[in-house]
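**Q** From the sequence below, what's the structure:
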Amino acid sequence: MDISSYKGVMVFAEQRAGVIQKVAFELLGIGRDIADRLEEPLVAVLMGSGLSPDRIQALIAEGADEVVVVDHPRLDLYRTGPCAQALTQVIGAVKPGIVLLGATAIGRELAPIVSARMRTGLTADCTSLEIEDGSRNLLMTRPAFGGNIMATIICPEHRPQMATVRPGVMRRKVSDPARQGAVRTLEIDLDGSEGPVEVLEVVSEKAALKNIEDATVLVAGGRGLGGFENFRRLEELAETFGGMVAASRAAVDEGWVAQDRQVGQTGKTVRPDLYLACGISGMIQHIAGMEESEFIVAVNTRADAPIFEYADLGIVTDANRLVPALIEELKAVKASR
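**A** Numbers count the residues shown, from 1 in each chain. The predicted structure is shown next:
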């Protein structure tokens, strides 16, 4: 393979019901950094049916030099067959050196199919992307062996270099509405085969709870809380703050809280304004998911707990004694207003 003919960074701009997903803008942020380092263009791919010009401009405003638009009636809803065909054809036409997708339900299904068709490698669930000095290869880092080690993977002999990236890991750039960019409409050939899947009906369900990745305040608990009942107190504290409950992997493994609340390498990456860590020792696997929070408060009985190295404020005490007192104090403050 002549890898020298592949240039630029491509971001798959995932959209649902016409709304571009947050992870697409996060990928444009890291994509912009990589493209600038390589001195190559950043291209966003937007696929769907009846795509709005406002959506296209939003991608340019967040860093794309060019938006490749694929507007086709059979791309109105996400279906694996047509979307995989379309993205494969786009990559073949543009020939980017790097392709990034979000590690979402769609990205995790689409990326391996497309990488296989392009006869290239794929690194899934990345938490870090960098360019290697000299070789200019993409260094794709992801947790391995249950999050106990970090593996850095390269794809030196095939192009494009493909990766899926966890939502919330990369920082979104500041949007510039005045930014200019190119728009290219690409005609594709879909063979009409849907495979074994037929969409009969789309049922939308509104989630009862927000995603912890969107919360501005997170009250997180670990194994140090000691049990399920103590986690219920965290829920009351989070409600008082107007936030949500999160957890370490240890607490999830104990069954005290649902897996979708897990923060860390094998969970979610969060950046709240306030992260209150209660009974969390601070293993590196957990730190990787919350270290970029704006303000971190750590509560632990051990003065030498690693979590204190990352905390803006550390309190050495039993969280099970502090939390009820904090709830009462906050309620008193609110009542006095």
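**Q** who's in contact with stretch 172-180?
**A** 22, 25-26, 28-29, 32, 57-58, 60-63 (C-beta atoms under 8 Å, 6 or more residues apart in numbering). Where you see a C-beta, it was placed from the backbone N, CA and C, and this is true even at glycine.
**Q** which of those tops the neighbour count?
**A** With neighbours taken as other C-beta atoms under 10 Å, the top of those is residue 28, carrying 29 neighbours.
**Q** can you map out the helices along the protein?
**A** Using DSSP state H, the helices assigned to the chain run over residues 22-38, 53-61, 80-94, 105-117, 228-241, 249-253, 284-287, 319-335.
**Q** what is the orientation angle of the fourth one with helix 80-94?
**A** Following axes from the mean of the first three to the mean of the last three C-alpha atoms, to 10 degrees, one obtains 60 degrees for the angle between helix 105-117 and helix 80-94.
**Q** cool, and the first one?
**A** Our comparison of helix 22-38 with helix 80-94, counting by the same axes, to 10 degrees, yields an angle of 20 degrees.
**Q** What of the last one?
**A** With the same axes, to 10 degrees applied, the angle from helix 319-335 to helix 80-94 works out at 90 degrees.
**Q** Please report how far the residue nearest the centre of the chain lies from residue 65.
**A** Centroid-nearest residue in the chain: residue 167, 0.7 Å away (criterion: C-alpha atoms, centre = their mean). The spacing between residue 167 and residue 65, counted by C-beta to C-beta, to the nearest Å, is 23 Å.
**Q** same check, this time on residue 279
**A** Computed with C-beta to C-beta, the distance linking residue 279 and residue 65 is 47 Å.
**Q** dump the residue contacts of the nearest residue to the residue nearest to the centre of the chain once chain neighbours are set aside.
**A** In space, residue 167 comes closest to residue 23 once its chain neighbours are excluded; the distance is 4.3 Å by C-beta to C-beta, 6 or more residues apart in numbering. Contacts for residue 23 (C-beta under 8 Å, 6+ apart) come out as 14, 102-104, 107, 165, 167-168.
**Q** In strands, which of those appear?
**A** Mapping the contacts of residue 23 onto strands (DSSP state E) picks out 102, 165.
**Q** Filter the contacts of residue 23 down to the buried ones, ChimeraX style.
**A** To isolate the buried ones among those in ChimeraX, judged by 16 or more other C-beta atoms under 10 Å, type:
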select :14,102,103,104,107,165,167,168
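**Q** Could you find the lowest-pLDDT member of the contacts of residue 23?
**A** Within the set of the contacts of residue 23, pLDDT is lowest for residue 168 (83).
**Q** residues contacting that one?
**A** 23, 26, 213, 268-271.
**Q** Dump the helices of the chain to CSV, plus distance to residue 172.
**A** Output for these, formatted as CSV (distance: least, C-beta to C-beta, whole Å):
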stretch, distance to residue 172
helix 22-38, 5
helix 53-61, 11
helix 80-94, 23
helix 105-117, 17
helix 228-241, 24
helix 249-253, 26
helix 284-287, 21
helix 319-335, 31
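**Q** nearest to residue 129, of those helices?
**A** helix 22-38 (5.6 Å; C-beta to C-beta).
**Q** Now do the strands in the stretch 101-250 of the chain.
**A** For the stretch 101-250 of the chain, the strands defined by DSSP state E, counting those that start in this stretch occupy 122-126, 128-131, 138-144, 149-153, 161-165, 182-185, 217-221, 244-247.
**Q** Neighbouring strands of the third one in the sheet, and parallel or not?
**A** Each strand that pairs with strand 138-144, with its direction, by DSSP bridges: strand 128-131 (antiparallel), strand 149-153 (antiparallel).
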